[in-house]
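A.B. asks: Got a sequence here, can you model it:
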Amino acid sequence: MMKRSTLSALGAVALFGCGGGESDQPSPAPAPAPAAATEAAPAASGPVAVDWISVDDGARTVTIDLVAGSTDANNRWNFNGYANGEATIVVPVGYTVTVNFENRDPVNYHSFSVLQRAASYPAVFDDATPVFEGAVTSNATSITEATAPGGGTESISFTASAAGGYALVCPVPAHAVTGMWIGFDVSDSGESGLRS
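C.D. replies: Numbers count the residues shown, from 1 in each chain. This next block holds a predicted model:
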């Protein structure tokens with residue numbers, strides 16, 4: 001037992017005895033402070049290819065297979081599973097866009113119109129006139145005459161004639177205000193696909 005406590009005491013003296021007094025040696029220079037980390041701006045993620053958006057650059061066309069109520073997300077008030085602006089379809093400016101629309105919601109009528117992007121949308125649309133001529137389904141604001149539930153379909157075509165940030169919105173009463181909208185960007189750089 002004596003050996004162990006003697007060794008412990010010697011270890012403590014060796015450990016603490018070296019730094020207590022004055023010394024002729026100059027103190028080492030303090031280590032430089034680490035440089036402040038600079039945060040890089042997050043890289044803008046470009047759109048990615050998805051199987052429901054097809055682009056033919058030679059023909060300057062985009063075909064979108066758009067499905068309302070494809071999942072349970074947002075009480076089935078979604079487009080291809082996306083709602084509340086959490087995804088954005090990107091098409092090149094000047095291309096002809098054909099949207100093959102299907103409503104798989106078993107209960108509710110749905111529609112869409114390409115509108116100006118907004119921070120929020122009204123519960124009832126007085127006007128759902130699209131930003132591009134023809135970029136709206138039939139009876140878009142009707143709760144009983146829009147695209148029928150349980151597999152109703154409609155196809156529309158329009159030209160994405162002006163670059164900018166827009167939205168693809170369901171103007172059936174109460175749908176857009178509760179999140180049934182996604183982004184729709186028309187790119188002047190030729191990008192296409194889905195950004196999420």
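A.B. asks: in this structure, which spans are strands?
C.D. replies: 53-56, 61-68, 88-92, 96-103, 113-116, 152-159, 164-169, 181-187, 193-195 (DSSP state E).
A.B. asks: out of those, nearest to Asn80?
C.D. replies: strand 61-68 (5.4 Å; C-beta to C-beta). To be clear about C-beta, it is placed using only N, CA and C from the backbone, and glycine gets the same treatment.
A.B. asks: As a markdown table, the strands of the chain with mean pLDDT and distance to Phe132 would be great.
C.D. replies: A markdown table is the format used below for the strands of the chain (pLDDT from 0 to 100; distance: least, C-beta to C-beta, whole Å):
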| stretch | mean pLDDT | distance to Phe132 |
| --- | --- | --- |
| strand 53-56 | 98 | 17 |
| strand 61-68 | 98 | 12 |
| strand 88-92 | 98 | 10 |
| strand 96-103 | 98 | 8 |
| strand 113-116 | 98 | 6 |
| strand 152-159 | 98 | 5 |
| strand 164-169 | 98 | 8 |
| strand 181-187 | 98 | 8 |
| strand 193-195 | 98 | 19 |
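A.B. asks: for the ones you listed, which one sits closest to Ile143?
C.D. replies: Of all the strands of the chain, it is strand 96-103 that lies closest to Ile143, at 12.9 Å by C-beta to C-beta.
A.B. asks: need the strands of the chain in CSV with distance to Glu133 and mean neighbour count, can you?
C.D. replies: Converted to CSV, these look like this (distance: least, C-beta to C-beta, whole Å; neighbours: other C-beta atoms under 10 Å):
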stretch, distance to Glu133, mean neighbour count
strand 53-56, 21, 17
strand 61-68, 16, 20
strand 88-92, 15, 23
strand 96-103, 12, 20
strand 113-116, 10, 21
strand 152-159, 6, 16
strand 164-169, 14, 21
strand 181-187, 14, 23
strand 193-195, 24, 17
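A.B. asks: could I get the ones you listed as CSV with distance to Ala128?
C.D. replies: Listed next are those as CSV, based on distance: least, C-beta to C-beta, whole Å:
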stretch, distance to Ala128
strand 53-56, 23
strand 61-68, 15
strand 88-92, 18
strand 96-103, 14
strand 113-116, 5
strand 152-159, 13
strand 164-169, 8
strand 181-187, 12
strand 193-195, 24
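A.B. asks: I'd like to know which of those strands is closest to Gly46.
C.D. replies: Closest among the strands of the chain, once you apply C-beta to C-beta, is strand 193-195, at 7.2 Å.
A.B. asks: Which elements pack onto the closest one?
C.D. replies: Secondary-structure packing of strand 193-195 (3 or more C-beta pairs under 8 Å, 6 or more residues apart in numbering; DSSP states H and E): strand 53-56, strand 88-92.
A.B. asks: Which one, of the strands of the chain, ends up nearest to Asn75?
C.D. replies: Closest approach to Asn75 among those (C-beta to C-beta): strand 61-68, 11.8 Å.
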